[in-house]
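Enquirer: all I have is the shape, not the residue letters:
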């Protein structure tokens with residue numbers, strides 16, 4: 001979408017809000033639809049769109065719920081890697097449409113989540129930190145154990161972590177494909193042992209010498 005078209009769209013949405021009342025919370029993907037108060041999960045309310053079935057989550061509500069759900073220092077390595085999971089999910093047709101914050105009118109930023117066979121975007125306002133989930137996305141976030149860690153998705157640390165884990169996964173899969181599962185598992189076990197041993201580099205050097213030609 002060009003800058004001029006985006007500006008026209010934003011002004012149009014703002015004019016709708018002005019004409020129909022500023023207090024109404026409107027769908028980020030279709031400002032002509034008023035959201036209805038609902039419940040995403042226990043103790044977490046959301047404003048839900050009766051048309052597209054998306055959900056808008058206010059930052060204050062989410063933070064309060066989040067604090068009761070998770071230790072924010074949780075190790076990222078303990079979370080499942082989304083791109084390795086075969087989850088039966090078809091993203092909403094509106095997932096690719098730009099969204100506007102119903103509170104302040106800013107464009108929502110997008111956090112990409114790769115599954116094995118598809119990908120989708122969770123969206124967040126850069127100003128008020130409210131979040132938007134298109135139809136079905138919240139349920140997938142629950143499966144991925146990311147529902148209580150959504151803000152992480154929008155950080156550089158998270159994206160770097162995911163790229164590293166995906167690279168490690170691809171390398172392991174290539175090793176299994178070339179050597180077979182039994183030998184590959186022994187190699188992975190040995191690598192872990194050497195990595196933890198204070199003199200593990202001697203073991204690595206020995207293996208390298210064995211394969212020198």
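Expert: Great, that's in hand. Small disclaimer: the values here were computed from a predicted structure and weren't measured. Numbering: from 1, shown residues only.
Enquirer: right, and the helix or strand after the helix-or-strand element of the chain with minimal mean pLDDT?
Expert: Least confident helix or strand, the chain: helix 3-20 with a mean of 43, by mean pLDDT, DSSP states H and E. Per DSSP states H and E, helix 3-20 leads on to strand 36-41 as the next helix or strand towards the C-terminus.
Enquirer: next, the buried residues of that next one.
Expert: Within strand 36-41, the residues scored as buried using 16 or more other CB atoms under 10 Å are residue 40. To be clear about C-beta, it is placed using only N, CA and C from the backbone, and glycine gets the same treatment.
Enquirer: for stretch 88-100, same thing?
Expert: 91, 92, 94, 95, 99, 100.
Enquirer: number of nearby residues for residue 139?
Expert: Residue 139 has 15 neighbours, counted by other CB atoms under 10 Å.
Enquirer: please apply the same query to residue 204.
Expert: Neighbours of residue 204 (other CB under 10 Å): 13.
Enquirer: so it sits in a strand?
Expert: No: per DSSP: H, G, I helix; E, B strand; the rest coil, residue 204 lies outside any strand segment and is helix.
Enquirer: still on that earlier bit, show me which of the buried residues of stretch 88-100 is closest to residue 200.
Expert: residue 91 (43.6 Å; CB to CB).
Enquirer: quick one: mean pLDDT over the host helix or strand of residue 194.
Expert: Using DSSP H and E, residue 194 sits within helix 181-196. Regarding helix 181-196, the rounded mean pLDDT is 85.
Enquirer: ok, stretch 206-213 next?
Expert: On average, stretch 206-213 scores 81.
Enquirer: now what about that stretch, what contacts it?
Expert: Taking CB atoms under 8 Å, 6 or more residues apart in numbering as the criterion, no residue outside stretch 206-213 touches it.
Enquirer: go on, stretch 38-50?
Expert: 25, 27, 29-30, 33, 35-37, 54-58, 61-62, 65, 68, 102, 138, 142, 147.
Enquirer: from what I can see residue 124 touches residue 111, true?
Expert: Yes: if you go by CB atoms under 8 Å, residue 124 and residue 111 touch, sitting 6.8 Å apart.
Enquirer: looking at those two, which is more packed in?
Expert: Taking other CB under 10 Å, residue 124 and residue 111 do not tie; residue 124 has more neighbours (23 against 20).
Enquirer: residues in contact with that one?
Expert: 108, 109, 111, 130, 131, 132, 150, 151, 154.
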